[in-house]
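*Asks:* okay, here's the prediction I keep looking at, along with the sequence it came from:
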Amino acid sequence: MFAQLPERRMHWVRWVLTVGWLLIIASLFYDPWTSALTAADHPWSPLRLQDTCIQVQGECLVEQPYPLGTTLFWGAIVPAAIFILLVFGHELWRRICPLSFLSQIPRALGWQRQFKRENKKTGKVRYELAKVDSDSWLGRNYPYVQFGWLFIGLCGRILFFNADRLVLAGWLLFTIAAAIAVGYWYGGKSWCQYFCPMAPVQSIYSEPGGLLGSKAHTSEQLVTQSMCRTVLPEGKEQSACVACQNPCIDIDAERTYWNSLNKPETSFLRYGYVGLVIGYFVYYYLYAGNWNYYFSGAWVRQTDQIASLLDPGLYLFGQPVNIPKLVAVPLVLGGCTAIAYWGGLWIEKRARAYSRQKQTNLTTETIRHRIFTLCTFAIFNFFFIFGGRPLVQLLPWGWQYLYDLGLVALSTLWLYKTWRRGPELYSRENLANRFRKQLEKLQFNVAQFLEGRSLSDLNTHEVYVLAKVLPGFTREKRHQAYKGVVREALEEGYVNYSSSLEVLQQMRQELGITDDEHRLVLEELGIEDPQLLNPDRKRSLENQIRLSGYRRSLERLMLLQQKQLDRTTFEQASLPDSAVVRSLRREYSITPQEEEWILSGFSTTASSAKKAEFLLTQLTQLIDGYRALNQPMLHQHQAVLTLLQENVRHKKELIVRSLLEILALLQSDSAALSLAQSLQQASPTVLGELLEQENWGDRLPPAILQCLTQPGETPAFCSLEFSAEIILEHLDALLQDQNPMIQVAALYIMAQLDRDRSQAIARNRRHEFSSRLVQETIDQVLSLPSTTSATQSITEFPTLEKLVYLFNSDFFHRMQSETLIALADRAEVRTYQQGDVITEAGDTCRELLLLIEGDANIHYQTESGIRVEQLHPGQTLDELEVLAHSNSENTIVADSESTRILAISVDAFDDLLDHDPDFARRVLELESRQLQRFVRSVQPL
């Protein structure tokens, strides 16, 4: 809601509130006027002292007129902050908080601590803004630091500065000085993120979102919620984020909430705060022996507050307890905090047990979230029973009832809204919004289907439903849209290479994307943008926003100077050494590596050349790996090798195609010819196939095309001198592939070459593999005898054997790996002797049969007699009859001493056809080709 208010307007609001706050602080030092309003004989002031006895530990307080500074601060300002957090969210509070505003004074003046960095190779010196290291003690323990300060502050209120105006002024000025000092010491909003005692309160009341707060994860705005921002001279707003914390509540409060939900410090803050607030207000009763002391507001006008520090701190059952107030206050508040914390954990445990017993299917995260929600709802209403009550009681009764009713109504609405949230729903909305953006990029005409609504008006479920029924949303378009979602999620650090399969599972189910297609998308993205999957490059939404802000600032600077300087000259010479750019580097904490990435993006030629260099290196490694798989010592395992060779060949095709895309982009650039020569020499075979199959002639200049098609100076050859050690290194690289079939095939070949090494990998790296297939293969490798060097037959790896034969068969070749694994799990291997009948004419076809070893003959009954046709390994038997659920029209007989058949039941086959549309489509394509071949074969007859 308030996230969209212009920054210039909010800047003036901050100034007004800050000046007002400073005036209140000044009034604590000198205020000769407002005390007149509290005089008992004032004719009309509702704040005048009443002629009543307010007892504290059995004695009436002696009261006298007092200035209103402390009353306004504790009675109005503090409750207003709590109200703003729950109703409007942190996105309003963080943008108007005077303390946050004051902490940015060093940044505005350019007085911030910096680290000097010197490049040892070039000697260049650069300065980086200091930030809190996430691995430092403060970076790990800041929630406890903030809660500890909040605890000290509440104790200090009761003991020192509830009513003592000078002490309160000193405390507030000390806090302001601390905020400014932190603003100098660390960049960004480090005061708010790591030190401010109000931060835990913000998290509790404004996460996962305020009642009227906006949703950052579904917003189309680049600058969301209370994100740090700056206003350019032309009036546009731009992010000023320096990624001082990850994740950041200012960018997306709900994301921060779900990320921290299961952390132990979150439980401590949530439950401990409940106890702390209860303890704070209850202490007034325990100290005075009655509630009138608090509700009358007498505690805010006691003149002897510090003088009573050593007086009895408790008054129970009409008797003072001889514990000094200085000790009793932290004892009561600390005890209540501990009780609430342990009580909250006990309630959580009981709630989980009840959920399991009643089988409610609620996740641990959902249970904890709902308990947190109830705690916030309860403590908000409990707080406002007391918060501001001495002033509220001065209103007419009707206004008091309206006040209470409004608070309960608003908090109930917040409860209803928040109760329904969950990490799954957040993730679903997040991905649906990304998918919506991809649909918009595809420029589908959807207006006719939405009755005047736009894509942005659709909810999460409607977006996916629309995608399923949208004409023109072909398999290729779906793949393209999903690829865009994965790219964006990787760029923002929302997922990484290993977590993307699980995080995006729900979206894949909605769109019918298989795990194999997901792995293919990752391969394509890794080739199109080599840095995207680079584990050394920090990926997070905060870092992306920081780098984007720096890039936009550079673009603007270049546009301003383009009128005076040549663009090329400016990029290469002026830009890095400019004083303005040095200032921007410090402001955004840009490292040399990050600057290199950003500057390379300005030059299409430089960026493409760098990408091409990386891809050529990858291609060379793949070619070496392909040659390693073709060594004579491995030929006896050719069936398994074919699976690995196909995988490597597919990756080579992706890289070569990506290099061709770069050449099409470079056109006649001087770097293009050198790249074309390198590509032709590296992989002439794959290159020739792609040029022949795909229409690259219209996209490439004639000179480049000629260079690609003519033979290289160095003839391609396959080395026959690879040692077993080198082959093992390439196999070890294949173990990093995410395809379980590739992993088990590589592990099997390793076991044939070096039994001890394969078993050591199986033992030490078992935790790296989540696939059941890989775990099964690891067990089989570990069960192999380590004393013998004899080659182990693939029959000792039953599932792998079935997978290999399925993969190498004509019918199932290049099927998706998850489909092949599902088929292998349900398949059965059978052995027949020569002359045994495999199927007989007239039998009901209940199984799909694949010949995997030996030979078999099909006996066709024709008008002229029986015609015999020989089958060879890799061919399927009676597949048409299986698909039609009909009877076999031919007899099939084993024709070798040992004929082995892989049998897949028709029920298992039909089940996969029903649940895997891609499998059904592939089967239909295969059978269409089979029928075409059959028709052509009988036409001469």
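*Replies:* Done, it's in.

*Asks:* so Arg763 touches Asp779, yeah?
*Replies:* No - when contacts are counted by C-beta atoms under 8 Å, Arg763 is not listed as touching Asp779 (11.1 Å). Any C-beta I mention is one placed from the backbone N, CA and C, and that applies to glycine too.

*Asks:* what about the residue nearest to the spatial centre of the chain, distance to Leu439?
*Replies:* Centroid-nearest residue in the chain: Tyr494, 2.2 Å away (criterion: C-alpha atoms, centre = their mean). Relative to Leu439, Tyr494 is positioned 19 Å away (C-beta to C-beta, to the nearest Å).

*Asks:* and for Ala856?
*Replies:* 51 Å.

*Asks:* the more surrounded of the two?
*Replies:* When neighbours are counted by other C-beta atoms under 10 Å, Ala856 and Leu439 differ, and Ala856 comes out ahead with 24 against 20.

*Asks:* can you pull the contacts of the more buried one?
*Replies:* Listed by C-beta atoms under 8 Å, 6 or more residues apart in numbering, the contact partners of Ala856 are 838, 870-871, 877, 892-896, 899, 901.

*Asks:* now with 10 Å, please.
*Replies:* Going by C-beta atoms under 10 Å, 6 or more residues apart in numbering, Ala856 touches 832, 836, 838-839, 849, 869-873, 875, 877, 892-896, 899, 901.

*Asks:* can you map out the strands along the stretch 401-550 of the chain?
*Replies:* Secondary structure of the stretch 401-550 of the chain (DSSP state E, counting those that start in this stretch): no strands present.

*Asks:* in it, which ranges drop under the pLDDT threshold?
*Replies:* 530, 534-538 (pLDDT under 70).

*Asks:* for it, just list every one of the helices.
*Replies:* In the stretch 401-550 of the chain, helices defined by DSSP state H, counting those that start in this stretch lie at 423-442, 447-450, 460-469, 475-491, 500-503, 505-511, 515-528, 541-561, listed in chain order.

*Asks:* in a markdown table: those helices, plus distance to Tyr354.
*Replies:* Formatted as a markdown table, the helices of the stretch 401-550 of the chain follow (distance: least, C-beta to C-beta, whole Å):
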| stretch | distance to Tyr354 |
| --- | --- |
| helix 423-442 | 21 |
| helix 447-450 | 44 |
| helix 460-469 | 30 |
| helix 475-491 | 36 |
| helix 500-503 | 28 |
| helix 505-511 | 27 |
| helix 515-528 | 35 |
| helix 541-561 | 36 |
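
*Asks:* so, low pLDDT: which residues of the stretch 651-800 of the chain?
*Replies:* For the stretch 651-800 of the chain, counting by pLDDT under 70, the residues that fall below are 711-720, 786-790.

*Asks:* which parts of it are helices?
*Replies:* Counting by DSSP H, counting those that start in this stretch, the helices of the stretch 651-800 of the chain are 670-682, 684-693, 702-709, 724-734, 740-753, 755-764, 772-782, 798-808.

*Asks:* out of those, deepest packed?
*Replies:* helix 740-753 (a mean of 24; mean count of other C-beta atoms under 10 Å).

*Asks:* ok, how many other residues are close to Gly297?
*Replies:* Other residues close to Gly297 by other C-beta under 10 Å number 21.

*Asks:* please name the residues that touch it.
*Replies:* 47, 54, 70-71, 74-75, 163, 388-391, 393-394.

*Asks:* distance check, it against Trp74.
*Replies:* For Gly297, the distance to Trp74 - C-beta to C-beta - is 9 Å.

*Asks:* shared neighbours, those two?
*Replies:* Joint contacts of Gly297 and Trp74 (C-beta under 10 Å, 6+ apart) are 163, 388, 390-391.

*Asks:* dump those into TSV; add neighbour count as well.
*Replies:* Formatted as TSV, these follow (neighbours: other C-beta atoms under 10 Å):
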residue	neighbour count
Ala163	22
Gly388	20
Pro390	20
Leu391	18
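
*Asks:* look up phi and psi at the residue nearest to the centre of the chain.
*Replies:* phi -60, psi -30 (degrees, to the nearest 10).

*Asks:* my guess is it contacts Glu542, does it?
*Replies:* No - judged on C-beta atoms under 10 Å, Tyr494 makes no contact with Glu542 at a distance of 11.8 Å.

*Asks:* you'd agree Phe382 is in a strand?
*Replies:* No - using DSSP: H, G, I helix; E, B strand; the rest coil, the assignment for Phe382 is helix, not a strand.

*Asks:* who's in contact with it?
*Replies:* Phe382 makes contact with 274, 277-278, 281 under the criterion C-beta under 10 Å, 6+ apart.

*Asks:* so which of the helices of the stretch 401-550 of the chain is nearest Trp399?
*Replies:* Among the helices of the stretch 401-550 of the chain, the nearest to Trp399 by C-beta to C-beta is helix 423-442 (38.7 Å).

*Asks:* so that closest one versus helix 460-469, what angle?
*Replies:* 40 degrees (axes from the mean of the first three to the mean of the last three C-alpha atoms, to 10 degrees).

*Asks:* quick one, helix 423-442 and helix 475-491 angle?
*Replies:* 120 degrees.

*Asks:* flag every buried residue along helix 423-442.
*Replies:* 423, 426-439 (16 or more other C-beta atoms under 10 Å).

*Asks:* how close does Leu331 sit to Cys155?
*Replies:* From Leu331 to Cys155 the distance is 10 Å (C-beta to C-beta).

*Asks:* hang on, the earlier thing: dump the contacts of Phe382 to CSV, plus neighbour count.
*Replies:* CSV is the format used below for the contacts of Phe382 (neighbours: other C-beta under 10 Å):
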residue, neighbour count
Val274, 23
Val277, 24
Ile278, 19
Phe281, 17
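
*Asks:* now, the residues you listed that are in helices?
*Replies:* Judged by DSSP state H, the contacts of Phe382 include 274, 277-278, 281 as members of helices.

*Asks:* for the residues you listed, which one is nearest Asp910?
*Replies:* Among the ones in helices among the contacts of Phe382, and counting by C-beta to C-beta, the member closest to Asp910 is Val274, at 56.7 Å.

*Asks:* doesn't Thr337 make contact with the closest one?
*Replies:* Yes - the pair Val274 / Thr337 is scored as a contact, 8.6 Å apart, by C-beta under 10 Å.

*Asks:* pretty sure Leu848 sits against Glu828.
*Replies:* No - assessed by C-beta under 10 Å, Leu848 is found out of contact with Glu828, at 11.2 Å.

*Asks:* the more surrounded of the two?
*Replies:* Leu848 (23 against 12).

*Asks:* secondary structure class of that one, three-state.
*Replies:* Per three-state DSSP, Leu848 ends up strand.

*Asks:* returning to what we had before: among the ones in helices among the contacts of Phe382, which one sits closest to Trp33?
*Replies:* Among the ones in helices among the contacts of Phe382, Phe281 lies closest to Trp33 (C-beta to C-beta), at 31.0 Å.

*Asks:* isn't the closest one right next to Ile385, touching?
*Replies:* Yes - in this structure Phe281 lies within contact range of Ile385 using C-beta under 10 Å: 8.0 Å.

*Asks:* returning to what we had before: of the buried residues of helix 423-442, closest to Glu207?
*Replies:* Nearest member of the buried residues of helix 423-442 to Glu207, counting by C-beta to C-beta, is Tyr426, at 11.8 Å.

*Asks:* now do the end-to-end distance for stretch 52-59.
*Replies:* One end of stretch 52-59 sits 12 Å from the other (C-alpha to C-alpha, to the nearest Å).
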